[in-house]
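[1] Sequence and predicted model, in that order:
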Amino acid sequence: MKSIINNWRLFKYALRFTPLFVLLTVIDNIFLGFLNSYVTVIFLKSLFDQIETGTEFSKLMYLAAFLLLFFVAGYIFHVIYMHFCEPIYKYKLHSAIRKILFEKLSKIEVEYYDNPSYYNDFVWIMNEADGQVFSLVKDIGTLVNRIISVSTIVVLLATVDWTIAACILVSVIVSLLLKRLQTKIQYESEQEMLVFNRKTDYLNNLYLSKDYAKEIHATDVSSIIDRELNNVILTEKDILKKNGKKKFYINFSLNFFTANFFNIGIFLLLLYKIQVSKSISLGDFAASAGSSWKLFWQINSFADVLSRFQKRDLYSQRFQKLMARKNVLYERASQRTIPQGNIEITFCNVSFRYPGSDEWILRDINFQIRNNEKIAIVGYNGAGKTTLIRLIMRLYEPTEGVILLNGFDVREYNIEEYRSLFSTIFQNFKLYAFSVAENVMMRNYIEGSEDEKVWTALKNAGISDKINEYSKGIHTIMTKEFDEDGVELSGGQLQKLAIARAFAQDAQLIIMDEPTSALDPISEYEIYKKMLELSNNRTCIIISHRLSIVRDVDWILYLENGRIAEKGSHEKLLSENGTYAEMWNIQTQNLSSAANVSK
């Protein structure tokens, strides 16, 4: 019953998005079911019975003509269904299922992507989603087909002798039990292979990705990739070998028992009935003998469909679990309106660690960012700088403590309205295979009326001259992924294009999480200086390793091991002669040494 409910929940998506496809699939299989049962059973029995009774040849031709018309009509419908209807509705169902999954995944908490277990589920569900729903529709059609065929043949065989019906019942029970066990082993094997399949895909993609091509050719890193691939292949081989033995024994038992007991037993019984007891007609014998072997495969197919329902039940549970997952960030009722004027963000005893982990990433964080302040967050790698930014943006929720916006818990605000306050450029920003304008605006921009805004942002980021070189200007497609005329920019140029996003947004708070690492110090300083000039009426948060570009901010937060170690203006932190001052001295000495070398 549980399996039926879970499959029904999945089937409702097919009814919702492609109801006509469901109807056509059922009709097609009804036609095929009647064709199979009529030709194999009813027509064959009728033909032999009439031959035995001396029916005229002309009447036999009428019977054959009727069968031919029925067959042609069913075949034409089947061809139209297979080559016109099925491909169209398969694509439609594929698109609809992907859309609802993308919408769901776009609102899944970011922290789940950091959890391999959840991430494996996401990957598996995405890869299987549309195929599972489509195959469910096909399986329901097949089930209708098999029910019609099997019931017709079983009724005929039962009228010949009830012991045949008993043999069928025993075979069905054995087949279903073995198929159920077979499905369980197959599912467990697939789940065991899932992690290794993902690793294999990752390693294979290293050879296919242009991002890794130069290093692979210039170094011997391919030896490491090959080693890891071999290790994964050996592990997968062991898994397949272990589960292969179980599958062999089950398949052997299934085929040997049912094939011999079912087919040979029924054939011998029919032979006895017509030769010894003479209790059946020639038509009964011909129809029963011809249909018994077909019935064996029909029952096996029926059992296969039911086993797929069981297997799909396991998938459906995870699919429904994902769709039912509540994201409190998005679904919590909004109690307050986002302020349009002054903005103040306050951290009150905030601590954070990932779900299921005992390691604190941030601990006892307390500070306040006032309206229009320019601040910097600095510290060594792993100090918690990026995590702090994610908490400010509500990509993560604090494990302890509270974050306030203008004195109220940020969780009281609508998440999408709250995030609209920010324009953020992350360290590992991404460029998309869209136009330059779309990459800058990060939304469907209004062509014509917003062109000037895009060009101004590009100019402020120092990349407008480069974009102006292209014939299509801001309508030029980035990357050659799907367009031969697409452009490839250098690392520094890509960073400038990403930085243009911050200039293009009307957000009240700008966050720059080390997006300029590929720029030379002078270009970096000029961009940050420009950013500070243009953000007079905005709050600005900068994360950077290079302390020379943060000295002009109002105050600096220095993180160490997830805690605030120092806080104050550049001059104040230097006067305290702490770790910040040590970092400053090291960096200034390195810059001086580099300058002397260049001379």
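    Yep, that arrived.
[2] rest of the way, CA atoms for contacts and neighbours
    Will do.
[3] Angles on the backbone of residue 442, please.
    phi 60, psi 40 (degrees, to the nearest 10).
[4] Surely it and residue 501 touch.
    Yes - with contact defined as C-alpha atoms under 8 Å, residue 442 counts as touching residue 501 (7.5 Å).
[5] of those two, who's got more company?
    Between residue 442 and residue 501, residue 501 has the larger neighbour count (other C-alpha atoms under 10 Å), namely 22 against 16.
[6] Wait, the more buried one touches residue 425, no?
    Yes - Residue 501 is in contact with residue 425 according to C-alpha under 8 Å; the separation is 7.5 Å.
[7] Next up, the contacts around residue 271.
    Residues near residue 271 by C-alpha atoms under 8 Å, 6 or more residues apart in numbering: residue 285.
[8] Residue 264 versus that one, what's the distance?
    10 Å (C-alpha to C-alpha, to the nearest Å).
[9] Next: residue 501.
    75 Å.
[10] again, but for residue 158
    17 Å.
[11] what about stretch 127-143, distance to the chain center?
    18 Å (C-alpha atoms, centre = their mean, to the nearest Å).
[12] what sits up against it?
    Contacts for stretch 127-143 (C-alpha under 8 Å, 6+ apart): 7, 10-11, 13-14, 22, 25-26, 28-30, 90, 93-94, 97-98, 302, 305, 309, 312, 319.
[13] Check the burial of the closest residue to residue 496 other than its chain neighbours by counting its neighbours.
    Among residues not flanking residue 496 along the chain, residue 461 sits closest, at 5.4 Å (C-alpha to C-alpha, 6 or more residues apart in numbering). Neighbour count for residue 461, taken as other C-alpha under 10 Å: 26.
[14] So residue 461 sits against residue 493, correct?
    No - using C-alpha under 8 Å, residue 461 is not in contact with residue 493, being 9.5 Å away.
[15] which residues does the residue most central in space within the chain contact?
    Nearest residue to the geometric centre of the chain (C-alpha atoms, centre = their mean): residue 126, 3.0 Å. Going by C-alpha under 8 Å, 6+ apart, residue 126 touches 98, 101.
[16] shaky segments in the stretch 401-550 of the chain?
    515-520, 527, 534 (pLDDT under 70).
[17] Please enumerate the helices of it.
    415-419, 436-441, 451-460, 464-468, 491-504, 521-534 (DSSP state H, counting those that start in this stretch).
[18] what about residue 556, helix or strand, and which?
    Element membership of residue 556, judged by DSSP states H and E, is strand 555-560.
[19] After that strand, which helix or strand is next?
    With secondary structure assigned by DSSP H and E, strand 555-560 is succeeded by strand 563-568.
[20] who does that following strand touch, helix- and strand-wise?
    strand 362-369, strand 555-560 (3 or more C-alpha pairs under 8 Å, 6 or more residues apart in numbering; DSSP states H and E).
[21] Paired strands for the longest one, with orientation please.
    Looking at strand 362-369 with DSSP bridges, its partner strands are strand 345-352 (antiparallel).
[22] ok, now the last one?
    Using DSSP bridges, strand 555-560 pairs in its sheet with strand 374-378 (parallel), strand 563-568 (antiparallel).
[23] avg pLDDT for the helix or strand following the last one?
    It refers to strand 563-568. Note on strand 563-568: by DSSP H and E, the next helix or strand toward the C-terminus is helix 570-576. The average pLDDT within helix 570-576 is 92.
[24] just stretch 381-390 next, same as before
    pLDDT averaged over stretch 381-390 gives 88.
[25] what mean pLDDT would you report for stretch 26-36?
    83.
[26] Stretch 91-105 now?
    For stretch 91-105, mean pLDDT rounds to 83.
[27] After the strand or helix carrying residue 126, which helix or strand is next?
    Per DSSP H and E: residue 126 is located in helix 116-160. Once the chain leaves helix 116-160, the next helix or strand it forms, by DSSP H and E, is helix 162-208.
[28] Check which helices and strands that following helix sits against.
    helix 116-160, helix 210-218, helix 221-257, helix 282-324.
[29] how about the ones you listed in CSV, adding mean pLDDT?
    Shown next, in CSV, are the helices and strands packed on helix 162-208 (pLDDT from 0 to 100):
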stretch, mean pLDDT
helix 116-160, 78
helix 210-218, 66
helix 221-257, 76
helix 282-324, 75
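[30] Minimum distance to residue 176: which of these has it?
    Of all those, it is helix 282-324 that lies closest to residue 176, at 5.6 Å by C-alpha to C-alpha.
[31] Could you work out the end-to-end span of stretch 410-422 for me?
    Stretch 410-422 end-to-end distance (C-alpha to C-alpha) = 14 Å.
[32] Equivalent analysis for stretch 429-442, please.
    12 Å.
[33] Run the chain-centre distance for it.
    22 Å.
[34] next one: stretch 443-459
    Relative to its parent chain, stretch 443-459 has a centroid offset of 32 Å by C-alpha atoms, centre = their mean.
[35] For that stretch, buried residues please.
    Applying a neighbour-count criterion of 16 or more other C-alpha atoms under 10 Å, one finds 453, 454, 455, 457, 458, 459 buried in stretch 443-459.
[36] got the residues you listed as JSON lines, with distance to residue 546 columns?
    As requested, these are exported to JSON lines (distance: C-alpha to C-alpha, whole Å):
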{"residue": "453", "distance to residue 546": "30"}
{"residue": "454", "distance to residue 546": "28"}
{"residue": "455", "distance to residue 546": "28"}
{"residue": "457", "distance to residue 546": "24"}
{"residue": "458", "distance to residue 546": "24"}
{"residue": "459", "distance to residue 546": "24"}
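[37] Which one of the residues you listed is nearest to residue 203?
    With C-alpha to C-alpha as the yardstick, the closest approach to residue 203 among those comes from residue 458, at 36.7 Å.
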